[in-house]
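Peer 1: Model the structure of this input:
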Amino acid sequence: MSEAVRSGIAAGVDVATQGVRVACVDERGRTVASAAVALPPPRRPAPGWAEQDARAWWPAAAEALRRATGALGPDRGRIVAVAAATTSGTVVLADSAGEPVGPALLYDDRRAAVEAERAQELGRERWEALGLRIGPSFTIAKLAWLARRGALVGVAHAWGESDLVVARLLGEPPPTDWSHALKSGYDLLRREWPSEVYEALGVPARLLPRVQPPASLAGRVCAAAARETGLPEGCEVRLGMTDGCAAQLAGGAVSPGRFVSVLGTTLVIKGATRELVRDPAGVVYSHLHPDGWWLPGGASNTGGEALAARYAGADLAALDRAAAARGPAACLSYPLVRSGERFPFLAPTAEGFVVGEPVDEVEAYRAALEGVAFLERLAYDHLSALGASPEGPIATAGGASRSRVWNRIRATVLGRPLAVPASPTSAFGAALLAAAGTMHENLTAAAAAMVEIREEVAPEEREEAALRESYARFVEELRGRGWLGGTAVREPATSAI
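Peer 2: Numbers count the residues shown, from 1 in each chain. Reported below is the predicted structural model:
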């Protein structure tokens with residue numbers, strides 16, 4: 001290894017909607033300890049609303065860290081840094097002591113539709129330069145909604161999940177990173193908060209934390225946090241990125257032309273480009289890589305949730321085998337569980353559908369797998385039309401990437417191989433961010449040394465023609481329902497790889 005590499009362990013914390021996961025990873029990318037702790041399920045008190053008790057975040061994170069560091073035994077003293085990755089767009093208000101005030105509004109809460117339109121108009125010049133469209137799920141819109149209801153009176157901080165966790169690790173109010181700050185409206189070009197927009201929305205600028213690059217030093221673990229977590233007192237706290245970006249890093253999609261599909265509860269697609277990608281449709285937005293690249297992508301409302309909702313408790317491995325034996329479905333499925341789609345097209349009224357009658361449960365299952373793959377293909381077609389075409393295999397991450405059958409269907413629909421990393425998780429990606437600047441020179445070097453590709457899944461030639469025809473029908477069905485504009489159906493690019 002290079003003399004610039006420092007031996008040690010990096011801890012990555014992923015605070016997701018359902019629970020907290022921790023991965024402790026050495027300088028070569030080997031996971032040496034891990035743990036997970038559940039969180040209370042979200043509350044959905046009204047259509048489009050999603051809330052969670054933010055007071056549960058730190059106890060769960062501390063417990064997960066304590067379990068992981070406990071598993072390390074004496075080696076816990078080798079932990080050099082910790083970083084956190086959390087959902088994008090989640091916000092909680094906190095008092096001067098850093099205690100949550102009221103419930104957190106989660107990433108998929110869409111109650112602030114009116115405020116989003118106003119914020120979009122107020123900052124139109126900034127957003128157009130960034131290629132950003134402010135949506136109801138954005139933090140800036142939610143803060144405006146809270147301001148209109150007087151909920152900001154007496155509040156000291158407007159934090160995301162990562163901010164609260166980092167605050168507990170440091171024992172003081174933290175900086176935030178420009179990845180988690182994106183949906184709060186942070187201007188990545190000017191490197192500043194849009195203070196004029198916040199002022200017009202009635203949101204005091206004092207609530208917003210200072211902003212630093214991801215992977216930069218936020219501070220050091222305080223004595224109280226060390227006692228709660230088992231982390232060494234004084235070890236570095238590095239700033240993280242959103243969970244989607246962290247999973248992208250875990251997939252190795254760090255340099256320009258590399259892309260990753262994160263197939264978890266939802267489908268998130270992200271890649272790296274040299275130039276900022278601007279999308280007139282407003283469904284693609286770009287994060288900023290700490291090493292200077294742009295990270296365009298988007299998040300669908302469709303994904304593994306489609307299977308979790310319908311096939312809870314089922315033997316998915318058996319269904320996978322049956323679906324593989326069955327071959328392409330005759331029917332079409334758009335397995336959207338809730339109302340509304342946000343990527344690769346924006347359709348607030350979209351609903352899931354099945355066209356044609358499945359002959360049995362196996363065909364219904366196979367059609368659902370294909371439907372998510374079609375949506376993934378449509379997303380890459382849209383990105384390619386914007387000038388952000390992937391090069392080489394597409395990495396895949398997220399829990400659903402464990403299904404080799406689904407990966408084969410997806411590779412066939414995409415017309416290119418899928419690369420399956422050994423550790424395709426947001427917690428591993430957060431560990432990469434903790435390793436950047438500590439065990440490795442920067443994030444690009446950390447990913448090169450620590451990300452291992454376990455296998456490549458090639459397209460199934462015998463199914464290409466049938467799936468290409470089904471994809472064209474799928475796109476026409478979306479157009480016929482008025483949800484999709486002129487997105488082109490592109491031919492698979494297998495021969496170009």
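Peer 1: S184: neighbour count?
Peer 2: S184 is flanked by 26 other residues according to other C-beta atoms under 10 Å. The way it works is simple: take the backbone N, C-alpha and C, and place the C-beta from them, glycine included.
Peer 1: For the stretch 151-300 of the chain, which segments are assigned as strands?
Peer 2: In the stretch 151-300 of the chain, the strands defined using DSSP state E, counting those that start in this stretch lie at 157-159, 176-177, 211-212, 217-220, 236-238, 259-263, 267-271, 285-288, 294-299.
Peer 1: Looking at these, spot the one closest to L130.
Peer 2: Set against L130 and scored by C-beta to C-beta, these come closest in strand 285-288, at 7.4 Å.
Peer 1: circling back: just so I know, which of the strands of the stretch 151-300 of the chain lies nearest A54?
Peer 2: Of all those, strand 157-159 comes closest under C-beta to C-beta, at 8.4 Å.
Peer 1: Name the strands paired with the closest one and say parallel or antiparallel.
Peer 2: Sheet partners assigned to strand 157-159 using DSSP bridges are listed as strand 91-94 (antiparallel).
Peer 1: Distance-wise, check the residue nearest the centre of the chain relative to E455.
Peer 2: Per C-alpha atoms, centre = their mean, the C-alpha nearest to the average position across the chain is that of G244, at 1.9 Å. Look at G244 and E455: by C-beta to C-beta, to the nearest Å, they are 23 Å apart.
Peer 1: need the contact list for the closest residue to the residue nearest to the centre of the chain other than its chain neighbours.
Peer 2: Nearest residue to G244, sequence neighbours excluded (C-beta to C-beta, 6 or more residues apart in numbering): V268, at 4.2 Å. Neighbour list for V268: 244, 247, 261-262, 297-300, 303, 398 [criterion: C-beta atoms under 8 Å, 6 or more residues apart in numbering].
Peer 1: swap in P213?
Peer 2: Contacts for P213 (C-beta under 8 Å, 6+ apart) come out as 177-178, 239, 290.
Peer 1: among those, who's most crowded?
Peer 2: Counting neighbours by other C-beta under 10 Å, D177 leads the contacts of P213 with 34 neighbours.
Peer 1: partners of that residue in the sheet?
Peer 2: Q212.
Peer 1: what sits against it?
Peer 2: Counting by C-beta under 8 Å, 6+ apart, D177 touches 162, 211-214, 216, 239-241.
Peer 1: Using a markdown table, lay out the residues you listed together with distance to A430.
Peer 2: A markdown table is the format used below for the contacts of D177 (distance: C-beta to C-beta, whole Å):
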| residue | distance to A430 |
| --- | --- |
| S162 | 9 |
| V211 | 18 |
| Q212 | 16 |
| P213 | 15 |
| P214 | 10 |
| S216 | 14 |
| L239 | 10 |
| G240 | 5 |
| M241 | 8 |
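Peer 1: between these, which is nearest L319?
Peer 2: M241 (34.0 Å).
Peer 1: residue ranges for the strands of the stretch 1-150 of the chain, please.
Peer 2: Using DSSP E, counting those that start in this stretch, the strands found in the stretch 1-150 of the chain span residues 9-15, 19-26, 31-38, 51-52, 79-86, 91-94, 100-105.
Peer 1: Give me the domain ranges for the protein.
Peer 2: With domains defined by automatic domain parsing, the chain comprises 9-243, 254-423+460-496.
Peer 1: Quick one: closest of those to L432.
Peer 2: The nearest among the domains of the chain, by C-beta to C-beta, is domain 9-243 at 7.3 Å.
Peer 1: measure the closest one end to end?
Peer 2: End-to-end distance of domain 9-243 (C-alpha to C-alpha, to the nearest Å): 20 Å.
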